[in-house]
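Student: pasting the structure only:
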Ligand code: AMP
Ligand code: MG
């Protein structure tokens, strides 16, 4: 275990890539550089809200270090420890299908790259610690509400087995931040907060796109070579061949991430190319949400309400589109569009399809994917309002060996009484009969296998909102409780059973529970 001063930094990104030579910190276009050196903004009264013991452990930090006053100062951005060299990176991106030009770390400041005792590289990044040259017209800050959501969801996703950036800490700044949550003229002051995110790297598709659109192919090559050497060292020396292999791996990792999202019912909400990690990590927790009633077309993001570009069922297609933009970005280095297209098909489309089929079979405890069974299930789940998480979990409790199947466990999953109707009941029983024919394991094995992939607990939208409401009143115990409970999402944990129940009716249309926006 280490103190903060004993952390070992090896800041490769800034040591290997060109820095913005303009020392003017105002918001502007940054050319010929991958990053700008910038200091986090100092704040008046940092207060630790929570930290993740698992991420602290990854960094070799003991509990007493995380609970110290110094920790709050360091991870709010007030104080640097030896080896930290703060910087914000330059990237661009397609937002909602349109090229948006330079975006960049507008409110994220990287503190440096730690090499832990296991020799893993872990970049520390503060989110909400003030303006950078990439802040455009915004303030570079973040509010408690969105920081709680980012902190809890990063950790919940990790424990669900979904590739994700992690969160070390959440610290209140003691300052207030003005926000108009729904962009409707209702501004209010909210508590400012900073999350320290942790990942091997935070490189996004947009980091490559920006240089290609500016026709700065030298810088593009430099960044691609750096990324391969640092994040994909097993691919060997950069060459055209290596670039194609690298693109295959990104396709594959992205496909695997999306399969996980579809498995647990996670809707990212803003799958812009600047929010896509080159490592296939879920990144940038903004207006994300969890499916409660299973609705293929659902998105929690009110900013996307008209076109629903990023709805649950569209995520696999959007990932493909985003990867195609990455392919365009690296085209100048490979000059072979057929090769890139073939990789997209083979390593994204096929990997996704195979992964999805395997995952859906596992969710039902089956050895084999059955097209008709799954497609009928998708219809069934949308015939009456049905909680996705509870349905799969309770399906494991239905005794499938009986000729007259008792569907009582499933009644916990329905949001309305329509499930009692004759039509739905006939549809359900027909589906169960088909399902029963495909089961090859005994009931105990089926249940064990299903419960290993179908979580009992997810970060239901209203649960984070309740934790936020309490935190805004100074009570952080609900955040702690959720963090604790979401550590073992596949376990029964009977003491927490109320957290596994359906969303209460009041939460159905409540802001923050079912409706979110990009304002954070
Ligand atoms: P997002 O929609 O959160 O992925 O953000 C898109 C871009 O806007 C990124 O470049 C962010 O860094 C930037 N951004 C978002 N919120 C802020 C903020 N409050 N201050 C400065 N930049 C921001
Ligand atoms: Mg973003």
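Tutor: That came through fine. What you see is a predicted model, and the numbers here were worked out from it, not measured in a lab. Ligands and ions are numbered 1, 2, ... in the order given.
Student: what about the nearest residue to residue 320 once chain neighbours are set aside, how many neighbours?
Tutor: Setting aside the residues directly before and after it, residue 320 is nearest to residue 348 in space (C-beta to C-beta, 6 or more residues apart in numbering), at 5.8 Å. From N, CA and C alone the C-beta is placed, and that goes for glycine too. Neighbour count for residue 348, taken as other C-beta atoms under 10 Å: 26.
Student: pLDDT value on residue 348, please?
Tutor: Per-residue confidence (pLDDT) for residue 348: 98.
Student: and what of the one 10 residues further on?
Tutor: Residue 358 is assigned 98 on the pLDDT scale.
Student: Now it: which helix or strand?
Tutor: Using DSSP states H and E, residue 358 maps to helix 351-363.
Student: all strands of the stretch 51-200 of the chain, in order?
Tutor: Using DSSP state E, counting those that start in this stretch, the strands found in the stretch 51-200 of the chain span residues 87-89, 92-95, 98-102, 108-115, 121-127, 166-180, 187-199.
Student: what would those look like in a markdown table with mean neighbour count, mean pLDDT and distance to residue 489?
Tutor: Below are these laid out as a markdown table (neighbours: other C-beta atoms under 10 Å; pLDDT from 0 to 100; distance: least, C-beta to C-beta, whole Å):
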| stretch | mean neighbour count | mean pLDDT | distance to residue 489 |
| --- | --- | --- | --- |
| strand 87-89 | 26 | 98 | 32 |
| strand 92-95 | 22 | 98 | 31 |
| strand 98-102 | 15 | 98 | 35 |
| strand 108-115 | 22 | 98 | 27 |
| strand 121-127 | 22 | 98 | 23 |
| strand 166-180 | 21 | 96 | 16 |
| strand 187-199 | 21 | 97 | 20 |
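Student: re the thing from before, can you tell me which residues contact the residue nearest to residue 320?
Tutor: Contact analysis of residue 348 by C-beta atoms under 8 Å, 6 or more residues apart in numbering lists 251, 252, 254, 255, 319, 320, 323.
Student: From ligand 2, how far off is it?
Tutor: 22 Å (C-beta to the ion, to the nearest Å).
Student: start at 43 instead
Tutor: Yes, from this point I'll number from 43; that puts the last item at residue 390.
Student: re the thing from before, what packs against the helix holding residue 400?
Tutor: Secondary-structure packing of helix 393-405 (3 or more C-beta pairs under 8 Å, 6 or more residues apart in numbering; DSSP states H and E): helix 282-306, helix 357-376, helix 485-495.
Student: so which of these is the most packed in?
Tutor: Mean neighbour counts were compared across the helices and strands packed on helix 393-405 using mean count of other C-beta atoms under 10 Å; the top stretch is helix 282-306, at a mean of 21.
Student: what angle sits between that helix and helix 393-405?
Tutor: Here the directions of helix 282-306 and helix 393-405 differ by 30 degrees (axes from the mean of the first three to the mean of the last three C-alpha atoms, to 10 degrees).
Student: and helix 282-306, how far from the chain's centre?
Tutor: 15 Å (C-alpha atoms, centre = their mean, to the nearest Å).
Student: Repeat that for stretch 354-368.
Tutor: 15 Å.
Student: Spell out whether that stretch and ligand 2 are in contact.
Tutor: No. Judged by C-beta under 5 Å from the ion, stretch 354-368 and ligand 2 are separated, with a smallest distance of 12.9 Å.
Student: Reformat the strands of the stretch 93-242 of the chain into CSV and put distance to residue 410 next to each item.
Tutor: Shown next, in CSV, are the strands of the stretch 93-242 of the chain (distance: least, C-beta to C-beta, whole Å):
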stretch, distance to residue 410
strand 129-131, 45
strand 134-137, 38
strand 140-144, 42
strand 150-157, 44
strand 163-169, 40
strand 208-222, 35
strand 229-241, 36
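Student: and the closest residue to ligand 2 within the stretch 43-192 of the chain, what does it touch?
Tutor: At 7.2 Å from ligand 2, residue 145 is the closest residue in the stretch 43-192 of the chain, using C-beta to the ion. Residues near residue 145 by C-beta under 8 Å, 6+ apart: 133, 134, 135, 137, 176, 178, 248, 316.
Student: again, only this time at 7 Å
Tutor: 133, 134, 135, 176, 248, 316 (C-beta atoms under 7 Å, 6 or more residues apart in numbering).
Student: coming back round to it: out of the strands of the stretch 93-242 of the chain, which is closest to ligand 1?
Tutor: strand 150-157 (6.0 Å; C-beta to the nearest ligand atom).
Student: gap between the closest one and the chain center?
Tutor: 19 Å.
Student: contact partners of that strand?
Tutor: So strand 150-157 is in contact with 49-55, 80, 82, 101, 119, 125-130, 163-169, 171, 174, going by C-beta under 7 Å, 6+ apart.
Student: What separation do you get for the closest residue to residue 49 other than its chain neighbours and residue 92?
Tutor: Closest residue to residue 49 apart from its sequence neighbours, by C-beta to C-beta, 6+ apart: residue 156 at 5.3 Å. Separation of residue 156 from residue 92 (C-beta to C-beta, to the nearest Å) stands at 20 Å.
Student: for residue 239, same thing?
Tutor: For residue 239, the distance to residue 92 - C-beta to C-beta - is 14 Å.
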